[in-house]
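Undergrad: Give the three-dimensional model of this entry:
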Amino acid sequence: MKILTLLFSILATVNLFAQYEYEPSNSNPFGKINPDAPKQTADYAPLIGTCKCKSVARVNQNTWADTVMMEWTFKYIMNGMAVQDETLKEDGAHSGSIRQYNADSARWYVHYYSSSTPTPILSAWGGNIVENGNMVLYRDQKAPNGLEGYYRITFSKMTTEGFNWVGEWVNVDETIVYPTWRIYCRKT
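TA: This next block holds a predicted model:
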């Protein structure tokens, strides 16, 4: 009877893991896209894996901080239905995002979190791949002077070799663009 119980337990465990075949594993450390996921889940496919990156942020209107080296890893999560990323920065300000595509609204929703500014409610951006192939995401944000606008995040030059990223404040019609953060990444 004990052998039968053990055998049943092993089979149940194997079956449990088989139903999550798109999760990160030893054979697929960054997971895989689930064939049942929206096709847009592949929008981040070139970024899947780990990149070595150079991050530089604006200190004030005229000055950029020193470059901070970091690793940025993207992987499929939720059994291949979404994408998660994580940054590990040499300055200790780590961060990450959960990226889900909502087929009903035809938009990506990105929820950001950070070790340097833990918050009870995650900030969120929404957007898509645009005509030039860039991934562009927006979040409402007023300028310090109260002008309505957005914080816009753009992933550009996305290839299996790496990508560029810029965070910038833009006014509502995007005629004013003020970059505050740039990141340049290459696959390891």
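Undergrad: make it CA atoms for all contacts and neighbour counts henceforth
TA: Will do.
Undergrad: gap between the residue nearest the centre of the chain and Gly149?
TA: The chain has Asp85 as the residue nearest its centroid, 4.3 Å off, counting by CA atoms, centre = their mean. Using CA to CA, to the nearest Å, one gets 26 Å for the distance from Asp85 to Gly149.
Undergrad: again with Pro35
TA: With distances taken as CA to CA, Pro35 is found 37 Å from Gly149.
Undergrad: Looking at the two, which is more packed in?
TA: More crowded of Pro35 and Gly149, by other CA atoms under 10 Å: Gly149, with 20 against 11.
Undergrad: Can you give me the neighbour number for the residue lying closest to that one once chain neighbours are set aside?
TA: Once flanking residues are discounted, Gly149 sits nearest to Asn171: 4.1 Å by CA to CA, 6 or more residues apart in numbering. Neighbours of Asn171 under the rule other CA under 10 Å: 19.
Undergrad: What's the separation between Asn171 and Tyr138?
TA: 11 Å.
Undergrad: Now do the shared contacts for the two.
TA: Residues touching both Asn171 and Tyr138 (CA atoms under 8 Å, 6 or more residues apart in numbering): Tyr150.
Undergrad: you'd agree Asp91 is up against Val68?
TA: Yes. With contact defined as CA atoms under 8 Å, Asp91 reaches Val68; the gap is 6.8 Å.
Undergrad: Which one of those two is surrounded by more residues?
TA: Val68 (16 against 9).
Undergrad: all strands for the protein, in order.
TA: Along the chain, counting by DSSP state E, strands occupy 49-60, 63-64, 68-77, 82-89, 95-102, 107-114, 123-129, 135-140, 149-159, 162-171, 177-187.
Undergrad: of the ones you listed, which approaches Gly31 most closely?
TA: Closest approach to Gly31 among the strands of the chain (CA to CA): strand 68-77, 4.9 Å.
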